[in-house]
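Q: turn this into a model:
(chains A, B, C and D)
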Number of protein chains: 2
Amino acid sequence: MGVKERRARQKKFLRQEILDAASELFVRDGFENVSMRRIADKIEYSPTTIYIYFKDKAELLEQVCKDTFGRLVQRLTKIMEQPGDPVERLKKGLIAYIEFGLQNPHHYRATFMMPLPEGFDKTKYHETDSPGKQAFSFLIRGVTDCIKAGKLPAIDVELASQTIWAGIHGITSLLIVHELFPWAGREKVIHSTVDTLVAGLKA
Amino acid sequence: MGVKERRARQKKFLRQEILDAASELFVRDGFENVSMRRIADKIEYSPTTIYIYFKDKAELLEQVCKDTFGRLVQRLTKIMEQPGDPVERLKKGLIAYIEFGLQNPHHYRATFMMPLPEGFDKTKYHETDSPGKQAFSFLIRGVTDCIKAGKLPAIDVELASQTIWAGIHGITSLLIVHELFPWAGREKVIHSTVDTLVAGLKA
DNA sequence: GGAGTACGTTAACGGTGTTAAGTAAGTGAG
DNA sequence: CTCACTTACTTAACACCGTTAACGTACTCC
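A: Reported below is the predicted structural model:
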């Protein structure tokens, strides 16, 4: 009986090897330069083997990104657990989000800046384990905490959270893609964005 | 002598035909589905002919986008010429930018959401005819007008403009890519973003 | 009329994601 | 022990892609 389990373990192992190889290529050479063949080369299997473990390239990369975004969720969880002023906590979370995006530009781009697959289903957005949804739920909670503490007026939480998301996604994605734009300082513009958004919601 | 001119005219004509075909495919089938071969098929020339008129695919698409963004500049010029409250004018401009992006999602994506070409030169950003720079100069002017009229405090104009750009780019790009996200209403979140940004800068 | 050039072609290279068919090894039943 | 079956993987191929080199043809100019 132990045989089947050993096989299953081995299978899982190769699956993880594929994910690791894909992730490394992803980080090192960027989104455009990851190909199934290069991943296969790296793990010294034939390209078609990957298709035994993943439906297609999109599914593989989606999994890679999901894993990476798990780390963002961990960071945000830690920040949200901290006591103190909810507004400062919210701002810290927003900056953590931005910095995470800048530290993982390819993953961020793949997740939030690439067109959705053709047959993408609307219901996918209601899966709570999608990276976007999970990160977004932190935002909802952060805003709610601020309102409860009387630090923000009783605004529409969904709308406010989406507004903030737009703002921090904006600066994150612009800094990723237009790295060479004559910014007034990366840190400066990041903090300006966060402060402006929060101040704007207070008004 | 008129022969050379006729030839030049014909040459220009084919160049424009290529641009038109590329633009149409671009709009209809999206960025990922425009290939040199499909453009060539459409105008009934061989794919290599395109390389007589354009260095490579990037240059062709850049030109297509530049042409399209010219229309945004026109719109913004009209808005900026209008009299009245500079804050309202600024907001109108921001909303025009967002709507332009949503009406030309593929052009917008190619211009602001795709990684810059490998050998991209920093000096390119200082060319005043780059679409980004031109649109951005309107933002600078809009913010300056507000400060002059005493409607905004004497903040750092560059920083404030970049903050606003981040915000409106954020909502534009999110609405393009995550069309199916359960937004609290497209119009609502657009106006919320614009209002929040401007209100935030007032504070 | 002959040389040169401008414009467009065909054929090819090396790459991509993906699939169909084949192979070899291991498993389990009779 | 043998034979059928399953699993894991490979090879070969398809239909694309951007791009380049080599070629032809038709027209301009001397």
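
Q: who touches stretch A:28-43?
A: Here stretch A:28-43 makes contact (C-beta atoms under 8 Å, 6 or more residues apart in numbering or on different chains) with A:14, A:17-18, A:21-22, A:24-26, A:46-47, A:49-50, A:57, A:60-61, A:106, A:109-110, A:114, B:115. Where you see a C-beta, it was placed from the backbone N, CA and C, and this is true even at glycine.

Q: try it again with 7 Å
A: A:17-18, A:21-22, A:25-26, A:46-47, A:49-50, A:57, A:106, A:109-110, B:115 (C-beta atoms under 7 Å, 6 or more residues apart in numbering or on different chains).

Q: what about residue A:202, distance to chain B?
A: Distance, residue A:202 to chain B, using C-beta to the nearest C-beta, to the nearest Å: 7 Å.

Q: now do the same contact list for that residue.
A: Contacts of residue A:202 (C-beta under 7 Å, 6+ apart): A:152, B:203.

Q: distance of residue A:22 relative to DNA strand C?
A: In this view, residue A:22 and DNA strand C are 10 Å apart by C-beta to the nearest atom of the strand, to the nearest Å.

Q: what residues are up against that residue?
A: Counting by C-beta under 7 Å, 6+ apart, residue A:22 has contacts A:34, A:39, A:60, A:61, A:64.

Q: tell me, please, the helix or strand in chain A that averages the lowest pLDDT.
A: helix A:2-29 (a mean of 82; mean pLDDT, DSSP states H and E).

Q: once you drop chain neighbours, what's closest to the residue nearest in space to the middle of chain A?
A: With distances taken as C-alpha atoms, centre = their mean, residue A:69 lies nearest the centre of chain A, 4.3 Å away. Closest residue in space to residue A:69, ignoring its immediate chain neighbours: residue A:131 at 3.5 Å, by C-beta to C-beta, 6 or more residues apart in numbering or on different chains.

Q: OK, contacts around the one you found?
A: A:65, A:66, A:69, A:111.

Q: and which of those residues is nearest DNA strand D?
A: Using C-beta to the nearest atom of the strand, residue A:66 comes nearest to DNA strand D of the contacts of residue A:131, at 21.9 Å.

Q: quick one, what contacts residue A:101?
A: Taking C-beta under 7 Å, 6+ apart as the test, what residue A:101 contacts is A:108, A:172, A:176.

Q: buried ones among those residues?
A: Among the contacts of residue A:101, those buried by neighbour count (16 or more other C-beta atoms under 10 Å in any protein chain shown) are A:108, A:172, A:176.

Q: so residue A:186 is in contact with residue A:175, correct?
A: Yes - using C-beta atoms under 7 Å, residue A:186 is in contact with residue A:175, at 6.3 Å.

Q: neighbour count winner among these two?
A: residue A:175 (20 against 13; other C-beta atoms under 10 Å in any protein chain shown).

Q: quick one: that one from residue B:101, how far?
A: Residue A:175 sits 18 Å away from residue B:101, going by C-beta to C-beta, to the nearest Å.

Q: do the same with residue A:108
A: 19 Å.

Q: can I get the buried ones among the contacts of residue A:101 in CSV with distance to DNA strand C?
A: Formatted as CSV, these follow (distance: C-beta to the nearest atom of the strand, whole Å):
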residue, distance to DNA strand C
A:108, 20
A:172, 25
A:176, 21
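
Q: of all those residues, which comes closest to DNA strand D?
A: residue A:176 (22.6 Å).

Q: next, give phi and psi for that closest one.
A: phi -70, psi -50 (degrees, to the nearest 10).

Q: with the one 5 residues further on instead?
A: Main-chain torsions, residue A:181, degrees, to the nearest 10: phi -60, psi 140.

Q: what does residue A:137 give?
A: phi -60, psi -30.

Q: which outside residues touch the helix or strand containing residue A:69?
A: Assigned by DSSP states H and E, residue A:69 belongs to helix A:57-81. Applying C-beta under 7 Å, 6+ apart, the contact partners of helix A:57-81 are A:19, A:22-23, A:26, A:36, A:50, A:54, A:89, A:92-93, A:96-97, A:100, A:104, A:107, A:110-111, A:117, A:131, A:134-135, A:138, A:141.

Q: of these, which belong to helices?
A: Counted as lying in helices by DSSP state H, out of the contacts of helix A:57-81, are A:19, A:22-23, A:26, A:36, A:50, A:89, A:92-93, A:96-97, A:100, A:107, A:110-111, A:131, A:134-135, A:138, A:141.

Q: what number of residues lie near residue A:199?
A: 16.

Q: got a list of what it touches?
A: B:200, B:203.

Q: how about residue A:21?
A: A:39, A:42, A:43.

Q: tell me how many other residues surround the residue nearest to it when sequence neighbours are not counted.
A: Spatially, and ignoring its direct neighbours in sequence, residue A:21 is nearest to residue A:42 (4.3 Å; C-beta to C-beta, 6+ apart). By other C-beta under 10 Å, the residues close to residue A:42 number 15.

Q: what's the answer for residue A:123, then?
A: 8.

Q: any idea how far it is from DNA strand C?
A: 21 Å.

Q: which SS state does that residue fall under?
A: When classified by DSSP: H, G, I helix; E, B strand; the rest coil, residue A:123 comes out as helix.

Q: and if you look at residue A:129?
A: Here residue A:129 is coil, with the state taken from three-state DSSP.

Q: in chain A, where is pLDDT below threshold?
A: For chain A, applying pLDDT under 70 flags the ranges A:1-9, A:11, A:118-119, A:122, A:124, A:126.

Q: again, only using 80
A: A:1-12, A:117-132 (pLDDT under 80).

Q: residue of chain A closest to chain B, please.
A: In chain A, the residue that lies nearest chain B is residue A:170 (2.4 Å; C-beta to the nearest C-beta).

Q: out of the ones in helices among the contacts of helix A:57-81, which end up buried?
A: Buried among those by 16+ other C-beta under 10 Å: A:19, A:22-23, A:26, A:36, A:50, A:89, A:92-93, A:96-97, A:100, A:107, A:110-111, A:131, A:134-135, A:138, A:141.
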